[in-house]
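Colleague: Provide a 3D model corresponding to the input given below.
(chains A and B)
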Amino acid sequence: MNSSNNNPVYLDGAATMPVDPEVIKVMISCLKDKKVFGNPSAMNPSGRNAMNKIDNARKQLGDLLGVNANDLIWTSGATESNNLAIIGTARYRAHIGRHLITMTTEHKAVLGAFDSLEKEGFEVTKLSPNSKGLLSLQELENAIRDDTQIISIMHVNNETGVIQDIDKISSLCRQYGVLFHCDAAQSVGKIPFDLKDSPIDLLSVSAHKFYGPQGIGALYIKDINSSGLVPLFYGGEQENWIRPGTLPLHQIVGFGLAAELAKSRLNKDYRLMQDLHDYLWKGIMSIPGITYNGSRKSKFPGILNVSAPGVNGESLLFMLESISLAQGSACNSRNNEPSFVLRELSLNDHQIQAAIRFSFTRHTTQKELDIVIQKYIGAVEFLRKIAPDDT
Amino acid sequence: MNDAYTKAFNLYNDLVVNLFYRAAYTKFSDELDGNLIEFRAGDIEKDQLIHLKCVELEGKIVLARYQAYGCPYFIASSEWLCEQLEGSVSNKINKIKLQDLMDLLAIPIAKKSIILLLEDAMNGIEVQLDNCN
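Modeller: This is a model prediction of the structure:
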């Protein structure tokens, strides 16, 4: 049961992915190259060289998303992108209407932005999903009012991997003239989708969720020159005055390459995620009472969330010490609060308590999953064996 | 044993780890002569539940076993308690210092309820043991 394995199996890819070695290489060369260490906003040769690299990275990300590179602005990550998109557009359009819609299972970076807007006097409708984690389009349509300005729905849920139908949602928003923002931190670079003809107005992206560096993200703004958005920061003309601050060249260049690599490996990576997901689930599905949390049909296979009732979550994690995984989402896992996402899926306290999120990377192997299967089954059996009979 | 985890997260000390995995006092045997004394404390809804089963013979606990649901501190504490209980005589049970366990296992203050719950369980066993005599 015990392990002294010094190389833990990493199954927490939804929290962050390991940086691709090619990305590391290009980032280091960026830091070392004396021709590009200038401030990208400077008009001197070093600055212009740096800006050329940034423009190239913008194009690489634009190609991955199928959008005009000029409609992308760099941010510090998806949390900032979400805040900027939601708070920035809500404030800009406040004179037209102050009603906003989102879901209860969004990432805290989205829910937190809406909470802050509520304190400014906006009215927020938070829709609950069904027991599979999916949003009802009819409920969404019913919630839209004349004064609704923004709807924000995430693409892939970070805890369950459930995919919302953002094509239909964004079309509905377009039909009613409501702006649509999508937190796509868990899907960009992992799921093939093209924004070229999409009615999505704003989309948040994070580099470290697809083998890029941490601390860099982007916000796609459809028709950036004509859209209205109040900045969160002030003090510079960078990024169309929307997001001032010196651009971090090495991170942006790393982000760009990660986007290019993701595009070239998208289908292969997706098939791998599907294989790993099916292999792990097949290996543990025979555990009595185990539940698969979230939709199985509409989901990203890189995330598998399961509950084996009758075991204490903390003891379960303790016994799986050689595996890096998550109980709830990583961003939330230090506060010991039961997962609000799983609660919305109508799971009972025992199922939530015992929930484990496995999330794969392109480096995960079936051999590693064999270890995980053995340890997980062993831990559940042990904890059930020492528990009182009626638990 | 679990060195990487313990050192990396500094959550559980070696004694917690050892007691948790030892699980030497979890298998009950009804083949022993004597009176069966049972006590159940806690609530699964509060993430702490213990079922103590002891066999008393001539004023002495000859067998102490537990079934428990809870965090590693709770499981380890239950194991430790049974180790102390087994072989105890009625008037020695109150000598078991559960407060010392807080230090021994480095149980965080936030989890002090573990000690309070085990005190309840221990007192429950002691009362029944007294009744046997």
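Colleague: A:Ile352 reaches A:Phe340, doesn't it?
Modeller: No - using Cβ atoms under 8 Å, A:Ile352 makes no contact with A:Phe340, being 9.3 Å away. Yep, even glycine has a C-beta here, placed from its N, CA and C like the rest.
Colleague: And these two? Which one has more around it.
Modeller: Neighbour comparison, A:Ile352 and A:Phe340: the larger count goes to A:Ile352, with 21 against 17 (by other Cβ atoms under 10 Å in any protein chain shown).
Colleague: For that one, which residues are in contact?
Modeller: For A:Ile352, the contact set (Cβ atoms under 8 Å, 6 or more residues apart in numbering or on different chains) comprises A:Ser307, A:Pro338, A:Ser339, A:Leu342, A:Arg343.
Colleague: you'd agree the third one is up against A:Glu159?
Modeller: This points to A:Ser339. Yes - the pair A:Ser339 / A:Glu159 is scored as a contact, 6.2 Å apart, by Cβ under 8 Å.
Colleague: Burial check on A:Asp389, number of neighbours?
Modeller: 7.
Colleague: again, but for A:Thr160
Modeller: Neighbour count of A:Thr160, defined by other Cβ under 10 Å: 29.
Colleague: what's the closest non-adjacent residue to it?
Modeller: Leaving aside its chain neighbours, A:Thr160 sits nearest to A:Gly294 (3.3 Å; criterion: Cβ to Cβ, 6 or more residues apart in numbering or on different chains).
Colleague: Would you check how far apart the one you found and A:Ile252 are?
Modeller: 34 Å (Cβ to Cβ, to the nearest Å).
Colleague: element containing the closest residue to chain B within chain A?
Modeller: In chain A, the residue found nearest to chain B is A:Glu321; the distance is 3.3 Å by Cβ to the nearest Cβ. For A:Glu321, there is no host helix or strand (DSSP states H and E).
Colleague: So, low pLDDT: which residues of chain A?
Modeller: For chain A, the stretches with pLDDT under 70 are A:1-6, A:328-337.
Colleague: Show me it divided up by domain.
Modeller: A:9-18+A:265-386, A:21-261 (automatic domain parsing).
Colleague: For the longest helix along chain B, list every residue counted as buried.
Modeller: Across chain B, the helix with the greatest residue count (assigned by DSSP state H) is helix B:113-132. For helix B:113-132, burial by neighbour count (16 or more other Cβ atoms under 10 Å in any protein chain shown) applies to B:Ile114, B:Ile115, B:Leu117, B:Leu118, B:Ala121, B:Met122, B:Gly124, B:Ile125, B:Glu126, B:Gln128, B:Leu129.
Colleague: chain center to that helix: distance?
Modeller: On the basis of Cα atoms, centre = their mean, to the nearest Å, helix B:113-132 is displaced by 10 Å from the centre of the chain it belongs to.
Colleague: Spell out the secondary structure type for the residue nearest the centre of chain B.
Modeller: The residue lying closest to the centre of chain B (Cα atoms, centre = their mean) is B:Ser78, at 2.5 Å. Assigned by DSSP: H, G, I helix; E, B strand; the rest coil, the conformation of B:Ser78 is helix.
Colleague: From A:Pro231, how far out is it?
Modeller: Distance, B:Ser78 to A:Pro231, by Cβ to Cβ: 56 Å.
Colleague: swap in A:Met319?
Modeller: To A:Pro231, A:Met319 is 48 Å away according to Cβ to Cβ.
Colleague: so how far is stretch B:17-35 from its chain's centroid?
Modeller: 10 Å.
Colleague: quick one: it near chain A?
Modeller: Yes - using Cβ under 8 Å from any Cβ of the partner chain, stretch B:17-35 reaches chain A at B:Phe20, B:Tyr21, B:Ala23, B:Thr26.
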